[in-house]
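A.B. asks: Predicted coordinates and the sequence they were generated for:
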Amino acid sequence: MTVFKSIRHIIDEFDSEEALSVSLAKYTADLSEKFAKQKDSFTVVMSGGSLIKSLRKLVEAPYVDSIDWSKWHVFWVDERVVPKYHPDSNYLLAYDGFLSKVPIPSGNVYAINDALSAEAAADDYETCVKHLIHNKIISVSESSGFPKFDLMLLGMGPDGHVASLFPGHPLVQEKKKWVAFIKESPKPPPERITFTFPVINASENIALVVAGAGKAHPVHVALGNGEDSDVLPVQMVSPDEGKLTWFLDKDAASKL
Ligand SMILES: O=C(O)[C@H](O)[C@@H](O)[C@H](O)[C@H](O)COP(=O)(O)O
């Protein structure tokens with residue numbers, strides 16, 4: 001059910017993660033249809049972690065047959081700097097749980113160059129995004145000049161991190177770079193690249209997908225009257241002109 005709604009901010013709470021996954025699939029399929037009609041492409045940015053599991057209804061009927069997968073272009077909001085087929089790879093997680101089950105053209109799936117160092121992989125991914133802006137696959141925010149993805153699918157860690165933007169880390173304040181690197185991630189593995197908040201917040205649509213009691217505290221801080229000394233990264237998710245929708249299960253919302 002919707003527990004809060006304004007023009008650009010919606011909070012939906014579900015009795016179970018199963019119900020959340022059903023709603024997330026419809027939300028995503030509706031956006032896919034809208035953007036495919038509007039601009040003949042649909043740019044989707046994925047997180048790692050449990051998000052991929054929460055997308056499982058998209059690879060089942062009716063959506064697996066109704067979505068025009070040829071229009072999808074898939075990116076990662078963050079990625080571990082490991083080989084693509086390493087158990088820690090977000091690409092492998094998405095491939096096994098999602099990409100291998102739908103006919104998205106392989107040329108439309110933009111994994112990092114796993115032969116590069118963290119620094120070089122970040123620069124390379126930023127160059128890839130700039131190239132796709134030039135080719136009019138990725139839109140640009142007119143107000144900020146940052147890449148404007150159609151849909152950003154974010155998870156959130158139990159410490160309130162999103163992407164690989166962690167509490168107290170300087171990267172949270174990065175205002176210029178589109179893609180940054182971190183070599184000391186508190187969540188293993190240590191080396192990652194990540195979109196920065198200016199890119200995340202330039203998105204047309206952001207879904208914050210949060211399930212489980214382990215997330216209840218940062219949800220309380222972000223959405224309740226949680227007194228917390230430092231602003232958590234999840235509280236910095238605030239689209240400039242787009243729409244933010246929280247998908248919470250009952251357990252994650254249990255402290256609201
Ligand atoms: O690469 C990563 O680790 C993810 O992108 C990360 O940002 C994830 O979304 C959160 O840690 C939540 O993960 P869970 O949903 O599995 O708790």
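C.D. replies: That came in fine, so what should we check first? Just so you know, these numbers come straight off a predicted model, no measurement behind them. Numbering: from 1, shown residues only.

A.B. asks: quick one: residue 186 from the ligand, how far?
C.D. replies: Separation of residue 186 from the ligand (CB to the nearest ligand atom, to the nearest Å): 10 Å. All C-beta spots, glycine's among them, are computed from the backbone N, C-alpha and C.

A.B. asks: Compute the number of surrounding residues for that residue.
C.D. replies: For residue 186, the number of neighbouring residues by other CB atoms under 10 Å comes to 14.

A.B. asks: Equivalent analysis for residue 214, please.
C.D. replies: Per other CB under 10 Å, the neighbour tally for residue 214 reads 12.

A.B. asks: So what does it look like in phi/psi?
C.D. replies: Main-chain torsions, residue 214, degrees, to the nearest 10: phi -70, psi -10.

A.B. asks: what do you get for residue 186?
C.D. replies: Backbone torsions of residue 186, given as degrees, to the nearest 10, read phi -70, psi -20.

A.B. asks: hey, where'd the strands end up in the protein?
C.D. replies: Secondary structure of the chain by DSSP state E: the strands cover 2-5, 9-14, 42-46, 72-76, 78-80, 139-140, 147-148, 151-154, 179-182, 192-195, 205-210, 243-249.

A.B. asks: List the strands paired with the third one, with their directions.
C.D. replies: According to DSSP bridges, the neighbouring strands of strand 42-46, each with its direction, are strand 72-76 (parallel), strand 151-154 (parallel).

A.B. asks: Other residues contacting that strand?
C.D. replies: Identification of contacts with strand 42-46 by CB atoms under 8 Å, 6 or more residues apart in numbering yields 28, 31-32, 35-36, 52, 71-77, 90, 94, 98, 137-139, 149-153, 195, 203.

A.B. asks: Check stretch 47-62 too.
C.D. replies: By CB under 8 Å, 6+ apart, the surrounding residues in contact with stretch 47-62 are 17, 20-22, 24-25, 28-29, 46, 63-64, 67, 76-80, 90, 93-94, 97-98, 101-102, 153-155, 157, 162-163, 209, 211-212, 247.

A.B. asks: That'll do, ta.
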